[in-house]
Structures are given as C-alpha cells and as structure tokens.
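Participant: sequence and predicted structure, then a few things I'm wondering about:
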Amino acid sequence: KRVKLNMQLLNAMAKCSEPRAATLLENAAAELNELFPPIAKCPDRLAIESLSSDDSSESSSDEDPLRSAPPADLQIQISRKNIELDIHPNQSFPPACLKLVTSLSGNNRCVDCSDPNPQWASISYGVMLCLYCSASHRSFGVSVSKVRSIAMDSWSHSQILAMLEGGNVQLSQFFQRHSLGPLDHSNTSPTNVSSRSTCTNNDDIMVTRYKTKAAKFYRDNLTKHIERVKSNGEYKGREVSRKLKQKSR
C-alpha cells in the first residue's frame, strides 16, 4: 500500500511539473508584443500641430499650444493618422492573433450576410467580411469603412488591435440596440410580407446603417479605445482592455 501511495504521489508531482499549454490569448499577446514592442511615447505634439496648422492660420502667435487641448474631432484625426503611419510594409496578419480573432463569437461568418469563412475585414469596426460585402464597404469610402484583406494586405499594430478588440457579435449587438439590425419577419404572415421584400429591406439596412450617427459613434470610440490599449503597453486581452475603459471614465 505504501509503495502504491508513493507511486500516486510521484505521478501527481510529475503532472504538476509538466508545462501548461499556452492559451490562444497568451500566444496572440506574446506574438503581438514581440512584433510591436511597447514603447513609451511622448504626446503627439507634432501631429497635433501638423493637423491643426491649416485650420489655425489666423490664430494668435502668442497662444500657447500646450495650454489648449485639441478638440475631440482633432484627437480622432490624430489617432487615425497614427493608425495609418505605423503600418509595416511586410507585416501580414500574425497567425496566432488571427486564431484569436477567428475564435471570437460570430467571426466565423460575415457580419453583414453571414457567409462562412470570411477573409476580409473592416478595421473601422473590427469585423470580418466576405468578399462580396467587402466590396460594398469599399464603396462607402474610407471615412466610413476601411477594408483590408486578411491574407494579402499588410497590417499595422493598431489595425490588429482593432480586430482583437472588435468583433462581429459586438457590432451586431450594438446595431440591434439602435434598431439597425436585420428585420425579423419570422412571426409575420407570408401574405403580408414576401421573402423578396424582406431581403430587399435587410439589404437596405445593411448598407445604410454604416452611414448613421450611431455607426460614426462606434467607429470613433473604437479608435479612441485602441489608442488607450496601445498607450497601456503590452497587450493583455479584452478583459484587461475593458478595465482601461472603465478607469478612463
């Protein structure tokens, strides 16, 4: 009996000493932090001055630029300019990060039409798109939706973070709360609503909802959120990122 107990104890100790398999989040975070090491950044004074120079040509030369904070719209412009500037020309979407993105709820299907295995994305919302819907998003213009290919385009740190922090379900739920989701005619009599009119109405909603004030609110806040995540240093996942948002309130 004593020998048996000793063997069980040794087996238990051996299991405890075995290295734990890393989670999807741990692999993605390690990969992202290695590709884009956190750097302590100074305030983007030059970016502020360059963006505001055209609009402030008539301002007083005695005005101290450090005392007056840039307006909210200008801060969003600066954030978006930073996102565009940190693109690495040869940086495809990191594989471990992609596994984490595709594991997010709803990301296995196109956010607009639900086609499986989407290979395109809108970084403005952090969502996955099929080829057909990515063409629709391109037609909106980059001020409404910036589209990138998962496999063929280069990706910046901020763009990868947008996909890690966004998600199809997150955006869909946001649109539903603002009555911008697809119409549900499951309880409607077929004699009153045809399937063709239902599809047409849903297609119209899918197109127009991205041009609403609600969609702009979502885009702007995602941009601000990504800047907070970047300034926090190493990426540690969505739960930690949400706490950053709560602290900033």
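Facilitator: All right, it came through fine. Residues are numbered from 1 along each chain as shown.

Participant: which helix or strand in this structure has the lowest average pLDDT?
Facilitator: The helix or strand of the chain with the lowest confidence, counting by mean pLDDT, DSSP states H and E, is helix 45-52 at a mean of 42.

Participant: which non-adjacent residue is nearest L98?
Facilitator: The spatial neighbour of L98 that comes closest, neighbours along the chain excluded (CB to CB, 6 or more residues apart in numbering), is I150 at 6.8 Å. C-beta coordinates here come from the backbone N, C-alpha and C atoms, glycine included.

Participant: now G233
Facilitator: Across the structure, with CB to CB, 6+ apart as the measure, the residue nearest G233 apart from its sequence neighbours is P38 (4.0 Å).

Participant: confirm that that neighbour sits in a strand.
Facilitator: No - when the secondary structure is assigned by DSSP: H, G, I helix; E, B strand; the rest coil, P38 falls in coil instead of a strand.

Participant: would you confirm that the residue nearest to L98 contacts K99?
Facilitator: No - I150 is beyond contact range of K99, at 11.8 Å (criterion: CB atoms under 8 Å).

Participant: okay, the two: which has more neighbours?
Facilitator: When I150 and K99 are compared on other CB atoms under 10 Å, the one with more neighbours turns out to be I150, at 18 against 13.

Participant: contacts only, for the more buried one.
Facilitator: 93, 98, 119-121 (CB atoms under 8 Å, 6 or more residues apart in numbering).

Participant: what is the burial count for L180?
Facilitator: L180 is flanked by 17 other residues according to other CB under 10 Å.

Participant: for the nearest residue to it once chain neighbours are set aside, phi and psi?
Facilitator: Beyond its immediate neighbours in the sequence, the residue positioned closest to L180 (CB to CB, 6+ apart) is R209, lying 4.0 Å away. The phi/psi pair for R209 (degrees, to the nearest 10) reads phi -70, psi -30.

Participant: what about the chain, any weak spots by pLDDT?
Facilitator: In the prediction, the chain carries residues with pLDDT under 70 at positions 1-21, 39-90, 183-203, 245-249.

Participant: so where's the longest helix in it?
Facilitator: Counting residues, the longest helix in the chain under DSSP state H turns out to be helix 213-231.

Participant: got the contact list for the helix or strand hosting L32?
Facilitator: Take DSSP states H and E as the rule and L32 turns out to sit in helix 24-35. With contacts defined as CB under 8 Å, 6+ apart, helix 24-35 is touched by 22, 88, 91, 94-97, 99-100, 103, 157, 160-161, 164, 234-237.

Participant: three-state assignment of A121?
Facilitator: strand.

Participant: can you get me a residue count around it?
Facilitator: There are 28 residues near A121, going by other CB under 10 Å.
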